[in-house]
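> got a structure for you, letters missing:
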Ligand SMILES: NC(=O)C[C@H](N)C(=O)O
């Protein structure tokens with residue numbers, strides 16, 4: 001095996017154990033074999049092979065561009081990619097081919113990364129399941145692990161295997177499935193209310209959301225401009241740091257990016273000295289909906305820090321209970337304004353009826369958007385009505401400030417990092433997920449993640465352990481604004497510890513077979529739980 005992580009595979013490329021073209025072909029073949037996951041909307045095979053060829057020349061001439069040269073990556077289909085269709089999983093943008101690359105995409109390509117394709121999502125990134133895009137739902141690769149299948153078989157309510165798969169979480173579920181199934185070594189997601197961290201937790205990955213302003217949004221098709229950030233999905237913390245190093249920095253095309261006052265330059269994180277840390281546990285995050293397994297891991301993780309000499313204290317984020325509703329008002333208001341550009345004239349789909357311009361707008365938007373998007377546009381326009389503006393939008397802005405100040409107060413009191421759950425539970429089966437109204441479910445699942453976006457802070461979800469059902473569970477660390485590097489040092493220390501403290505000691509390997517895919521599940525001392533589809537039957 002070449003290596004599970006970007007770092008390992010990058011070393012293999014540097015040592016000539018594999019060429020970029022061979023690596024690219026391996027990933028392309030896995031993309032084909034795991035097509036049933038529905039992780040990709042577009043596979044950019046030709047582009048990736050061409051990029052691999054160029055990378056190969058650089059390696060041959062001793063001119064490699066660094067750790068990302070020759071590394072297969074995937075990009076969520078809401079980032080513009082020059083010459084490659086960018087759909088946001090919406091009828092509205094089907095067939096849209098942008099003339100430019102998003103800054104983050106360009107930066108990865110400039111470092112020699114290979115673009116394998118564009119990944120599936122909830123339409124316009126609205127959702128937490130990756131179930132609501134026009135190309136159909138994404139399946140979680142962990143649905144096919146033997147341990148999970150066996151557990152499901154014992155459940156009398158379980159349906160047959162083909163309908164019994166799990167959601168990936170979302171909205172960057174395609175990116176998470178793509179990394180989790182080893183079709184690439186890192187992927188870009190976007191994170192507006194948790195969309196990178198949530199699927200990372202459900203798919204056993206590291207999901208990193210940078211501080212707002214650290215990474216450019218230019219070319220990321222906006223959901224909520226004041227909260228969107230490009231996110232990073234990888235298999236370990238070091239890999240996330242490598243990608244962040246390539247992406248961070250001001251961009252003249254995004255006026256909200258700043259010259260990072262703290263992290264210059266980005267380096268591979270060292271291991272934090274935890275004995276000097278103060279870890280905050282927000283008491284308001286102990287919500288009744290939290291599963292007992294997640295809760296128990298959360299408290300074990302806190303104990304772990306304490307036993308290693310960290311100060312662990314309970315803290316209060318008193319405005320947490322307003323966060324979901326506040327996010328809803330602000331998100332939908334920005335959505336209503338952002339989506340106004342999709343009118344059948346300027347971009348994308350157009351319904352050609354010649355009754356009147358208004359009728360054309362209405363028909364275009366009815367055909368172009370699903371009902372989740374239309375619902376958000378309607379709510380947002382209601383909040384923005386002249387007579388409602390003060391009472392909803394302005395009030396929500398004030399509450400957002402209070403929510404952000406809660407974090408400032410906690411950090412000012414000496415807390416270095418907050419430790420919280422990422423999601424309420426492990427991934428749920430699709431059929432259970434759609435039983436509930438997806439919008440309600442989505443908003444509940446974002447309870448631990450949305451406030452971070454409203455405050456613009458960095459946060460990372462780390463895979464911690466497998467549940468009784470054999471599914472990954474993640475925990476989240478939240479840091480001070482622009483302390484992204486420090487946050488990663490804590491995450492890295494934790495990642496290293498959890499494998500032999502929270503999981504069973506030592507190394508255990510199991511091979512799980514199902515249909516054509518063999519999931520190879522490994523728990524190592526020094527790495528997170530990893531599901532791979534390296535060995536195919
Ligand atoms: N992109 C996101 O973070 C989406 C978030 N889950 C929402 O539905 O608004």
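Arrived safely. Here the structure is a predicted model, which is why all the values come from computation and not from measurement.

> Residue 414 - how many residues pack around it?
If you count neighbours by other Cβ atoms under 10 Å, residue 414 ends up with 10. From N, CA and C alone the C-beta is placed, and that goes for glycine too.

> So it is in contact with residue 278, correct?
Yes - with contact defined as Cβ atoms under 8 Å, residue 414 reaches residue 278; the gap is 5.3 Å.

> residue ranges with poor pLDDT in this protein?
Counting by pLDDT under 70, the chain shows low-confidence ranges at 1-2, 156-162, 260-266, 436, 438-439, 442, 499-537.

> Work out which residue lies at the spatial centre of it.
residue 196 (1.7 Å; Cα atoms, centre = their mean).

> which residues touch that one?
172, 175, 189-190, 207-209, 231-233, 461 (Cβ atoms under 8 Å, 6 or more residues apart in numbering).

> near the ligand, which of those show up?
Restricting the contacts of residue 196 to those touching the ligand (Cβ under 6 Å from any ligand atom) yields residue 190.

> The contacts of residue 196 in helices, which ones?
residue 175 (DSSP state H).

> Check the contacts of residue 196 and tell me the two furthest apart.
With Cβ to Cβ as the measure, no two of those lie farther apart than 190 and 461, at 14.7 Å.

> okay, the two: which has more neighbours?
Set residue 190 next to residue 461 and count neighbours by other Cβ under 10 Å: residue 461 wins out with 33 against 25.

> Return the residues in contact with that one.
Residues in contact with residue 461, defined by Cβ under 8 Å, 6+ apart, are 196-198, 200-201, 205-208, 422, 474-476.

> so what's it bridging to?
Note on residue 461: beta-bridge partners residue 207, residue 476, judged by DSSP bridges.

> what about it, distance to the ligand?
Going from residue 461 to the ligand by Cβ to the nearest ligand atom, to the nearest Å gives 13 Å.

> All the strands of the stretch 51-200 of the chain, in order from the start?
Listed in chain order, the strands of the stretch 51-200 of the chain (DSSP state E, counting those that start in this stretch) span 72-76, 114-119, 186-191.

> ok, now the chain?
Taking DSSP state E as the test, the strands found in the chain are 40-43, 72-76, 114-119, 186-191, 206-209, 229-234, 278-282, 311-315, 417-421, 459-466, 472-479, 508-514, 517-523, 530-532.

> Spell out whether the third one and the ligand are in contact.
Meaning strand 114-119. No - judged by Cβ under 6 Å from any ligand atom, strand 114-119 and the ligand are separated, with a smallest distance of 13.5 Å.

> Turn the strands of the stretch 51-200 of the chain into CSV, columns for distance to residue 30.
Output for the strands of the stretch 51-200 of the chain, formatted as CSV (distance: least, Cβ to Cβ, whole Å):
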stretch, distance to residue 30
strand 72-76, 10
strand 114-119, 10
strand 186-191, 14
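
> What about the closest residue to the ligand within the chain, how many residues nearby?
Shortest the chain-to-the ligand distance, computed as Cβ to the nearest ligand atom: residue-wise this is residue 195, at 3.1 Å. For residue 195, the tally of surrounding residues (other Cβ under 10 Å) stands at 37.

> Name the nearest residue to it, sequence neighbours excluded.
residue 171 (4.3 Å; Cβ to Cβ, 6 or more residues apart in numbering).

> these two touch, right, that neighbour and residue 128?
Yes - using Cβ under 8 Å, residue 171 makes contact with residue 128 at a distance of 6.7 Å.

> between these two, which one's more packed in?
Between residue 171 and residue 128, counted using other Cβ under 10 Å, the more crowded position is residue 171 (38 against 29).

> now the helices: where do they sit in the stretch 401-537 of the chain?
For the stretch 401-537 of the chain, applying DSSP state H, counting those that start in this stretch gives helices covering 430-433, 438-445, 450-455, 484-501.

> Please identify the deepest-packed of those helices.
Mean neighbours per residue, mean count of other Cβ atoms under 10 Å, is largest over the helices of the stretch 401-537 of the chain for helix 450-455, with a mean of 27.

> what's in contact with it?
Helix 450-455 has contacts (Cβ under 8 Å, 6+ apart) with 191-194, 209, 212, 224, 227, 229, 317, 320, 323-324, 326-327, 330, 400, 403-404, 406-407, 459, 478, 481.

> Restricted to buried residues, select those residues in PyMOL.
Those of the contacts of helix 450-455 that count as buried under 16 or more other Cβ atoms under 10 Å are selected in PyMOL with:
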select buried, resi 191+192+193+194+209+212+224+227+229+317+320+323+326+327+330+400+403+404+406+407+459+478+481
